[in-house]
Every structure is written in C-alpha cells, then in structure tokens.
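Participant: dropping the sequence and predicted coords here.
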Amino acid sequence: MKLVSYTTKKKDRLGLFVDGKIYNLQECAAGMGFELPSRMRRFLRGGDEFMNLARQVEQAIMDGKITSFVSDENLKLLAPIPNPTSCRDGYAFRQHVATARRNRGVEMIPEFDQYPVFYFTNHNAIFGEGEIRVEDDHLQKLDFELEAAIVIGKEGRNISVDEADSYIAGYLIMNDLSARVLQMEEMKLNLGPAKGKDFATSIGPWLVTPDELDQYKISTEFGNKYNLRMTAKHNGKLISDGNMKDMNWTFAEIIERASYGVRLLPGDVIGSGTVGTGCYLELNGTLALEAKEKDFTPTWLKDGDEVELEITGLGILKNTIRKSKKNRSILAKKKKTS
C-alpha cells in the first residue's frame, strides 16, 4: 500500500496512490461505511486498525468498486507526513563513513561498529517533491544526501531489536540537504550539525508499507534488510548508485538504540544516513584524490538544479533548488574585541 499526503490548494489530505491515481482515503472509506482521518499523523495513531481499513479501501479500488479519484489541476504531492513528530537521521552505511574519512586523511572511527548513532534534524523543515527555496549561505557547497527512511507506526519505549521491525509503518526516500560550508564551520565546536542541516529535508514521494517490499526482504538476526537499488541524478546525470541492503546497521537496530529510555511516537521519521557514493562530499573527495596534481573542480548544487533520487519499490523523489530573494549571510566573521 502506498499512502500519500496531498493538497489541492486547500488543506493537506491523506490519500492512496493506486495505479497512478490518487484517491481521497477519508472519502473512500466513508463511502464504504466507516471512518478514517483526513491526515497522516492521526491515521498513524490508529495503528493496525486503521491500516487494515485502508487496505480494504485499496482492495475496493483494485476491484473496481471505487472509481472516483482526485482530479484537480491544483493537486500537489506533499511530504507523506508533512509535520512529523520528530526527525532523526542515522549513520548506517559504513562505506559512506569510511570513504568520507579517508578523503579527509583520517582513520576510520572504530566506534562506528559498536553502536548505531543518529542526530535530530528539524521536523519543521520537511518538504515533499518540488521546489525547495534556500538562502545564500546554503548555496555555499550545497549537497544532496541519498537516503532511505522509515516512519514509526506505533508508540514504544525500550524496543528490542527482535520486535523493532513491527514498529515500522512504512518506508520512503529521504534527501538530507546539507550546506557544507555552514556544517563544517559549526562542527568545529563539537555539537554536531545544526544550521548546516536544519533548513530542508525532503521525503517522499509516498509512504510504502512493509508488505509491499516482501519480495526484496533479507531477514537477519538483527532485523530486516532490503535489496533495493538506490540512485541519484543531478540535472539528469546519474551520479550515485548504491543499495539499501548495504546498511551496516539495520533500522531495527537504530530503533532499539533510539527508543532506549524514551518513547518513539507514531509519525517519527528516522533516516538511514547516506548510502555509499550518495553525496558530493564523498564523491568530490574521491575524485580529487584520483585527480592528484590534475585540475579538479568539485561539483555542488546550484540555483535551478534538479536532484532526482530513486529507490526500487519506493519511487522517485524530485526536487528543484531555488535561491531565496533574501540576501544576508550568517557565515562566521571575526568577533570584534575591545
């Protein structure tokens, strides 16, 4: 089942994506004699009961019993969960971490193999497909990050790795946009990324329930992995090619870590971290090392550029970068002292 959030220039609504068409889930359910919420967060709080009702609607659509879909020229897909309760981002792909560190001339950090880590990003700066407006400082080495993500479907605390996969409502694509100059500037203070990351994270195009990915599932003692190809294109050119099965930490392990001593809530989003080759920070560093004394010009995202991320079974997430009309810098300047 593919769940979407969409708007027709009114309020955001919850829908089902079936055979290329979007159906208003609440209206379809009402026609079948039962009630479902109009928005994703309330729907997720209904857990398995609401999911099962939504599957009945989907079956009725596939059987031809429901034919009325959303037909509006103003229809626009939003982030599947436009206002998540929180947004964490992990660090699950060893290849990305090791390559990025090698390119900086530092050893691989041994703690990577001891426990999964994550940071909190801004859950109020979530975008779906389409335009993303950024400020001038964001365009100083603006980068994409090709990731998968999950949405938590039920509340839990101290969740064990053995049961963690059952807490996943679905999977989607994530692009953790990163302003590298701001990020590197502030991370010298050892508090992690902040303004270099908090301005835009795009997710979508829809939330895919786990049952849709059964054919790709790889069961392990540490939770499920999935054999899903992950690619990125920049202005139509393929620049990244990886696979979700290469996660060295499963989502189940990340959930176990994230839920230790705290509640996870329906609607929480958790990203995988960047797949190997999945950002220009990594790609530029590798190409620079290969070039050696040759001239090398790194590539970054510019105003007007299009980024297209695709993951097998999860769809395609497209975003276009647009420069804001504002023109004020927050990049560090030497503080005057008396």
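Facilitator: Structure received. Numbering: from 1, shown residues only.
Participant: all helices of this protein, in order?
Facilitator: Listed in chain order, the helices found in the chain under DSSP state H are 25-31, 40-45, 47-62, 94-103, 180-187, 251-258, 280-291.
Participant: got JSON lines for those, with mean neighbour count and distance to K302 too?
Facilitator: Yep, even glycine has a C-beta here, placed from its N, CA and C like the rest. Converted to JSON lines, the helices of the chain look like this (neighbours: other Cβ atoms under 10 Å; distance: least, Cβ to Cβ, whole Å):
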{"stretch": "helix 25-31", "mean neighbour count": "19", "distance to K302": "38"}
{"stretch": "helix 40-45", "mean neighbour count": "22", "distance to K302": "33"}
{"stretch": "helix 47-62", "mean neighbour count": "16", "distance to K302": "40"}
{"stretch": "helix 94-103", "mean neighbour count": "18", "distance to K302": "22"}
{"stretch": "helix 180-187", "mean neighbour count": "18", "distance to K302": "14"}
{"stretch": "helix 251-258", "mean neighbour count": "24", "distance to K302": "33"}
{"stretch": "helix 280-291", "mean neighbour count": "17", "distance to K302": "11"}
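Participant: adding mean pLDDT, write the ones you listed out as CSV.
Facilitator: Output for those, formatted as CSV (pLDDT from 0 to 100):
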stretch, mean pLDDT
helix 25-31, 98
helix 40-45, 97
helix 47-62, 98
helix 94-103, 92
helix 180-187, 94
helix 251-258, 98
helix 280-291, 91
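Participant: figure out which of these is closest to I239.
Facilitator: Proximity to I239, assessed across those by Cβ to Cβ, is greatest for helix 280-291 (6.6 Å).
Participant: you'd agree T231 is up against L238?
Facilitator: Yes: here T231 reaches L238: they are 6.2 Å apart, a contact under Cβ atoms under 8 Å.
Participant: higher neighbour count, these two?
Facilitator: With neighbours defined as other Cβ atoms under 10 Å, T231 and L238 compare such that T231 has more, 20 against 11.
Participant: any figure for the gap between the more buried one and Q215?
Facilitator: Look at T231 and Q215: by Cβ to Cβ, to the nearest Å, they are 19 Å apart.
Participant: which residue is nearest the middle of this protein?
Facilitator: M174 (2.0 Å; Cα atoms, centre = their mean).
Participant: which residues of the stretch 51-200 of the chain fall in strands?
Facilitator: 76-77, 87-90, 118-120, 126-127, 130-134, 142-143, 146-152, 156-157, 168-176, 178-179 (DSSP state E, counting those that start in this stretch).
Participant: nearest to A54, out of these?
Facilitator: strand 168-176 (11.0 Å).
Participant: partner strands of the closest one and their direction?
Facilitator: According to DSSP bridges, strand 168-176 forms sheet pairs with strand 146-152 (antiparallel), strand 201-208 (antiparallel).
Participant: dump these to JSON lines, plus mean neighbour count.
Facilitator: As requested, those are exported to JSON lines (neighbours: other Cβ atoms under 10 Å):
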{"stretch": "strand 146-152", "mean neighbour count": "27"}
{"stretch": "strand 201-208", "mean neighbour count": "26"}
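Participant: would you format those strands as TSV with mean pLDDT included?
Facilitator: Below are the strands paired with strand 168-176 laid out as TSV (pLDDT from 0 to 100):
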stretch	mean pLDDT
strand 146-152	98
strand 201-208	98
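Participant: where does this protein dip in pLDDT?
Facilitator: The chain contains residues with pLDDT under 70 at 293, 334-338.
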